[in-house]
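Asker: one predicted model, sequence on top.
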Amino acid sequence: GDSVTQMEGPVTLSEEAFLTINCTYTATGYPSLFWYVQYPGEGLQLLLKATKADDKGSNKGFEATYRKETTSFHLEKGSVQVSDSAVYFCALRPATGANNLFFGTGTRLTVIP
Amino acid sequence: EAEVAQSPRYKITEKSQAVAFWCDPISGHATLYWYRQILGQGPELLVQFQDESVVDDSQLPKDRFSAERLKGVDSTLKIQPAELGDSAMYLCASSPGLVQNTEAFFGQGTRLTVV
């Protein structure tokens, strides 16, 4: 079935460090891929998305590239800030059939000054 | 900016009591989802509506959970009786329709604690 695997957390970085959060997926065809962010006590906010192979989604300095050959959608940011501290979820929407989102387990990021 | 509204934000209830959550999706969004998020995990789908019809409730524990979207707009999720293991964040989300490449828009969630 469709699923998403995220790197285990938590991740702790110093301000201005480079961030990578790994995400790989299992799905048939070409699913749409998403990164959501969740701040403490809040719901999920869309961070970025990519809907076809080789697409790059980007927002607020974050980016991720849809790699069909490696079934990956890794999240990166060149220089993190304290305000980026949150939980990040990778998700997919299947290309056919089920029209809901399948989420990874989330990766907690803490950025220290 | 349009938002998904949920209430209450927090709910504490005793085991075996009934509890209900309400969700008002973004206006015009035909698809509505209820997800459950256990602490430290990703959200998992409980039920999905297309307008007023249920299109997926395969993961909804139907012996105690029920959901409705009577007029195809707002929705209610009910648990009766609540159990300790139901403590979680309940998230409502909506999207414009059955389009594969659109995202879902989430509300702020209802944090349920069963004591």
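Answerer: Thanks, I have the structure now.

Asker: can you list the residues of chain B near chain A?
Answerer: By Cβ under 8 Å from any Cβ of the partner chain, the residues of chain B that approach chain A are B:4, B:6, B:31, B:33, B:40-45, B:48, B:55-56, B:91, B:93, B:98, B:100-109, B:111. In short, each C-beta sits where N, CA and C put it, glycine included.

Asker: so how do I select the buried members of those in ChimeraX?
Answerer: Applying 16 or more other Cβ atoms under 10 Å in any protein chain shown to those, the buried members can be selected in ChimeraX as follows:
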select /B:4,6,31,33,42,43,45,48,56,91,93,101,102,103,104,105,106,107,108,109,111
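
Asker: in strands only, show me the residues of chain B next to chain A.
Answerer: B:6, B:31, B:33, B:44-45, B:48, B:55-56, B:91, B:93, B:105-106, B:111 (DSSP state E).

Asker: same list, the residues you listed, but as a markdown table with distance to residue A:84 and pLDDT please.
Answerer: Formatted as a markdown table, those follow (distance: Cβ to Cβ, whole Å; pLDDT from 0 to 100):
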| residue | distance to residue A:84 | pLDDT |
| --- | --- | --- |
| B:6 | 25 | 97 |
| B:31 | 30 | 93 |
| B:33 | 27 | 96 |
| B:44 | 26 | 95 |
| B:45 | 28 | 95 |
| B:48 | 31 | 94 |
| B:55 | 36 | 91 |
| B:56 | 33 | 93 |
| B:91 | 22 | 96 |
| B:93 | 23 | 96 |
| B:105 | 21 | 94 |
| B:106 | 19 | 95 |
| B:111 | 23 | 95 |
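
Asker: any stretches of the chain with poor pLDDT?
Answerer: Using chain A. The model of chain A has pLDDT under 70 over residues A:98.

Asker: nope, chain B
Answerer: In chain B, residues with pLDDT under 70: B:98-101.

Asker: residue nearest the centroid of it?
Answerer: residue B:34 (2.8 Å; Cα atoms, centre = their mean).

Asker: so what sits opposite the nearest residue in space to residue B:29 that is not next to it in sequence in the bridge?
Answerer: Excluding the flanking residues, the one nearest residue B:29 by Cβ to Cβ, 6 or more residues apart in numbering or on different chains is residue B:94, at 3.8 Å. With DSSP bridges as the criterion, residue B:94 is bridged to residue B:32, residue B:105.
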